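> Curious how this folds, go ahead:
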Amino acid sequence: MYERLQSEATSLNIEVLEKRMKKRIKGLYGDDVIFINKEIETTIEKACVLAEEIGHHHTTVGDILDLTKLSNVKQEKLARNWAFRKLIPLNSLLKCFIHGCKSRFEIAENLNVTETFLEECLEHYREKYGKAVKVDKNHILYLEPLAVYETLE
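A predicted model of the protein is given here:
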């Protein structure tokens, strides 16, 4: 996944560089350059961070580092939500259940995302859709508790 996102960034004329940064900073985007913290241990977590930084390319404007400003927090959320939809579209959650994933750990592993990223994504979908959303003609994804039901249409 990380390599695929790096290729996508390149196709958008964005340079991706790994650099040692303060531990609390996982990634930064500006002027068509994404920095990923070299200290991140797994490519799965790097992919989650890179997706969000590509999301900044698509959704944010200007310097939004000061998170005491509400407008910057909103732009941060837009980029994060873009990353959620990119890495975990609703139909991919459905496919996990169809392929027998039972736990959040199994779902995260199947989707190549961190469990934290998955949990935050599920929270995003709950905010957007409520407790359930119809994914396709025959399936409803329940976000609380997490389950899939097949409809008889």
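
> alpha carbons only for contacts and neighbour counts from here, please
OK.

> Least confident secondary structure element in this protein?
strand 146-150 (a mean of 85; mean pLDDT, DSSP states H and E).

> buried ones in it?
For strand 146-150, burial by neighbour count (16 or more other C-alpha atoms under 10 Å) applies to residue 148.

> do the same with stretch 87-96
87-88, 90, 93-94, 96.

> Average pLDDT for that stretch, rounded please.
Averaged across stretch 87-96, the pLDDT comes to 95.

> Next: stretch 124-133.
95.

> List the buried residues in that stretch.
So for stretch 124-133, counting by 16+ other C-alpha under 10 Å, buried means 124-126, 132-133.

> ranges for the helices of the chain?
2-11, 43-59, 70-87, 90-98, 104-111, 115-129 (DSSP state H).

> Find the one among these with the highest mean neighbour count.
Most buried of the helices of the chain, by mean neighbour count (mean count of other C-alpha atoms under 10 Å): helix 43-59, with a mean of 23.

> got the domain boundaries for the chain?
1-87, 88-153 (automatic domain parsing).

> Okay, now the unreliable bits of the protein?
Low-confidence segments of the chain (pLDDT under 70): 61-66, 72, 152-153.

> Who are the contact partners of the closest residue to residue 40 other than its chain neighbours?
Of all residues not flanking residue 40 in the chain, residue 46 sits nearest, at 6.5 Å (C-alpha to C-alpha, 6 or more residues apart in numbering). Residues near residue 46 by C-alpha atoms under 8 Å, 6 or more residues apart in numbering: 2, 36, 40.
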